[in-house]
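Peer 1: My questions are about this predicted structure, shown below with the sequence.
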Amino acid sequence: MIEIKVPPLPESITDATLVAWHKKPGDAVRRDENLADLETDKVVLEVPAPANGVLRELRVATGTVVTAGQVLALIEEGAQAAAAPAAAQAAPPAEALKATGTEAGKEKLSPSVRRLIEENRLDAAAIPASGRDGRLTKSDVVDFMDRKPDTAAAAAASPAATSAPAPAAREAGPALPASGRGEHRVTMTRLRQRIAQRLIEAQSTQALLTSFNEVDLTAVNELRARHKDRFEKEHGVKLGFMSFFVKASIEALKKFPVTNASVDGSDIVYHEFYDIGVAVSTDRGLVVPIVRDADLKSFAAIEREIGEYAKKARAGGLAIEDLTGGTFTITNGGVFGSLMSTPIVNAPQSAILGMHKIQERPMVVGGQIAIRPMMYIAITYDHRIIDGREAVQFLVTVKECLEDPGRMLLGV
């Protein structure tokens, strides 16, 4: 028998929660096939099978907290799964043919892709594949869900998809009653618990204050409209708003270095690099991947990196290295329709910029009333080291850069 153990956990993480088994005792397994998912405070880890064989015993139940090296299950190497019941062997030819085709498709799926398809109840055969030898990649699945929600919904209703196991999170609580004043209890995910802990820590250890301003995005809109087609053709990525806000924030951080600093005991640590966290919302909660050395990267490189992070986040593929560190964070509540909010600092950072919904409003421009695309922006900051003057002028700098984006290109 081969022991299946919890793999080495990332640095600073001491344990994980087993959130889902993808196999049951008696099932055949293939080398490198994902057997289970382990959820840590920040990422989901896969437990691959070390060899071909049959899963003989599960040593740990779903929901159990485990540590590195702990035995999870036993595999009998080289064994064959038991033959299917006679009733299953007597299935009608059409159904048997369909089942065989589905299994053949699964043979080409990597463990991470298989988990993504099972969790979203999709039919792999309905998703266009771009990988070598016609294999599906994570990007294929994520693009399929983003680009064709109606098709994805239809794929989810297929027999192959409905037979897939439901995600562990959906099994956590009992079904709601059909009527009446029902309630149910669901344990928070590790990520949600970690988010709650960090938010409470930030509010209890920092003196947080928020300042607001508003930005006229006419110039940015005109610049994007003028160059978006050529930009996408040359760089293979769309020209969004986030790269402008990242670049504008860096200009403000350089002008007011304390907003790029952190507190360490009685010291202020001034960071002379610009690792910008961009908050990304996922089904599991908010994560903040880091665009490192953002000041040295082009608009295209920033847009590309943020797009890749967003895909990885939705697919549960972010690594611990993607989320570690960061000197400043930008969060965009506008994608959900938020007009104004007070974001909470991502400790140990000392400031965070909040973007919001773009809304056309009447503004006085040159003595005349004009309709302009306006956005409220906010900076929440640690008042222990950042004065109100610096926070307000930080926002003014961001505003000036966005209302005249040529300044960022010319460095003036």
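Peer 2: All right, it came through fine.

Peer 1: in stretch 310-320, what counts as buried?
Peer 2: 310, 311, 312, 313, 314, 315, 316, 317, 318, 320 (16 or more other C-beta atoms under 10 Å). (Glycine included, C-beta is placed from N, CA and C.)

Peer 1: need the residues you listed in a markdown table with distance to residue 271, can you?
Peer 2: Shown next, in a markdown table, are those (distance: C-beta to C-beta, whole Å):
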| residue | distance to residue 271 |
| --- | --- |
| 310 | 25 |
| 311 | 28 |
| 312 | 25 |
| 313 | 24 |
| 314 | 29 |
| 315 | 30 |
| 316 | 30 |
| 317 | 28 |
| 318 | 22 |
| 320 | 20 |
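
Peer 1: Tell me the one of those nearest residue 35?
Peer 2: Distance to residue 35, by C-beta to C-beta, is smallest for residue 316 among the buried residues of stretch 310-320, at 15.8 Å.

Peer 1: Which residue comes closest to the closest one once chain neighbours are left out?
Peer 2: residue 44 (4.8 Å; C-beta to C-beta, 6 or more residues apart in numbering).

Peer 1: Give me the number of neighbouring residues for the one you found.
Peer 2: Neighbours of residue 44 under the rule other C-beta atoms under 10 Å: 22.

Peer 1: CA-only coordinates of stretch 14-22 in PDB, if you can.
Peer 2: This file holds the C-alpha atoms of stretch 14-22, laid out as PDB (Å, rounded to 0.1, in the frame of the first residue of the first chain):
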ATOM      1  CA  THR A  14       0.700  25.500   9.600                       C
ATOM      2  CA  ASP A  15      -2.400  23.500   8.600                       C
ATOM      3  CA  ALA A  16      -5.200  23.100   6.000                       C
ATOM      4  CA  THR A  17      -8.700  21.900   5.800                       C
ATOM      5  CA  LEU A  18      -9.700  18.900   3.700                       C
ATOM      6  CA  VAL A  19     -12.700  20.300   1.800                       C
ATOM      7  CA  ALA A  20     -13.400  17.600  -0.800                       C
ATOM      8  CA  TRP A  21     -12.600  14.100  -1.800                       C
ATOM      9  CA  HIS A  22     -12.800  13.400  -5.600                       C
END
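
Peer 1: buried residues in it?
Peer 2: 16, 17, 18, 19, 20, 21, 22.

Peer 1: Dihedrals phi and psi, the second one?
Peer 2: It refers to residue 17. phi -110, psi 130 (degrees, to the nearest 10).

Peer 1: Would you mind confirming that the residue nearest to residue 316 makes contact with residue 20?
Peer 2: No. The criterion here is C-beta atoms under 8 Å, and residue 44 misses it with residue 20 at 9.3 Å.

Peer 1: Tell me where the stretch 1-150 of the chain has strands.
Peer 2: Applying DSSP state E, counting those that start in this stretch to the stretch 1-150 of the chain gives strands spanning 2-5, 16-21, 28-29, 34-39, 44-48, 53-58, 65-66, 71-77.

Peer 1: just how off-centre is the third one within its chain?
Peer 2: The gap between where strand 28-29 is centred and where its chain is centred comes out at 30 Å by C-alpha atoms, centre = their mean, to the nearest Å.

Peer 1: Can you check which strand is longest in this structure?
Peer 2: strand 368-382 (DSSP state E).

Peer 1: if we can go back for a sec, need the overlap of contacts for residue 44 and residue 20.
Peer 2: residue 37 (C-beta atoms under 8 Å, 6 or more residues apart in numbering).

Peer 1: Give me the residues contacting stretch 376-394.
Peer 2: So stretch 376-394 is in contact with 206-215, 252-253, 255-256, 258-259, 261, 263, 268, 339-345, 350-356, 395, 398-399, going by C-beta under 8 Å, 6+ apart.

Peer 1: what's the offset of it from the middle of its chain?
Peer 2: On C-alpha atoms, centre = their mean, the centre of stretch 376-394 falls 27 Å from the chain's centre.

Peer 1: For stretch 203-217, give the mean pLDDT please.
Peer 2: Mean pLDDT, stretch 203-217: 94.

Peer 1: How about stretch 370-380?
Peer 2: Rounded mean pLDDT across stretch 370-380 is 97.

Peer 1: CA-only coordinates of it in CSV, if you can.
Peer 2: Only the C-alpha atoms of stretch 370-380 are listed here, as CSV (Å, rounded to 0.1, in the frame of the first residue of the first chain):
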residue,chain,number,x,y,z
ALA,A,370,-21.4,69.6,-19.1
ILE,A,371,-22.1,65.9,-18.6
ARG,A,372,-18.9,64.1,-17.5
PRO,A,373,-18.0,60.5,-16.6
MET,A,374,-17.2,60.9,-12.9
MET,A,375,-15.9,58.5,-10.3
TYR,A,376,-15.5,59.0,-6.5
ILE,A,377,-12.2,57.7,-5.3
ALA,A,378,-11.2,57.1,-1.6
ILE,A,379,-8.1,56.5,0.3
THR,A,380,-8.2,54.8,3.7
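
Peer 1: just how off-centre is it within its chain?
Peer 2: Taking mean C-alpha positions (C-alpha atoms, centre = their mean), stretch 370-380 and its chain are 26 Å apart.

Peer 1: Return the set of buried residues in it.
Peer 2: 372, 374, 375, 376, 377, 378, 379, 380.

Peer 1: can you check stretch 270-278 too?
Peer 2: Buried, per 16+ other C-beta under 10 Å, within stretch 270-278: 271, 274, 275, 276, 277, 278.

Peer 1: one step back: would you mind giving the buried residues of stretch 14-22 as CSV with pLDDT and distance to residue 195 added?
Peer 2: Formatted as CSV, the buried residues of stretch 14-22 follow (pLDDT from 0 to 100; distance: C-beta to C-beta, whole Å):
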residue, pLDDT, distance to residue 195
16, 86, 16
17, 87, 15
18, 88, 20
19, 83, 16
20, 85, 20
21, 90, 25
22, 90, 26
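
Peer 1: Okay then, goodbye and thanks.
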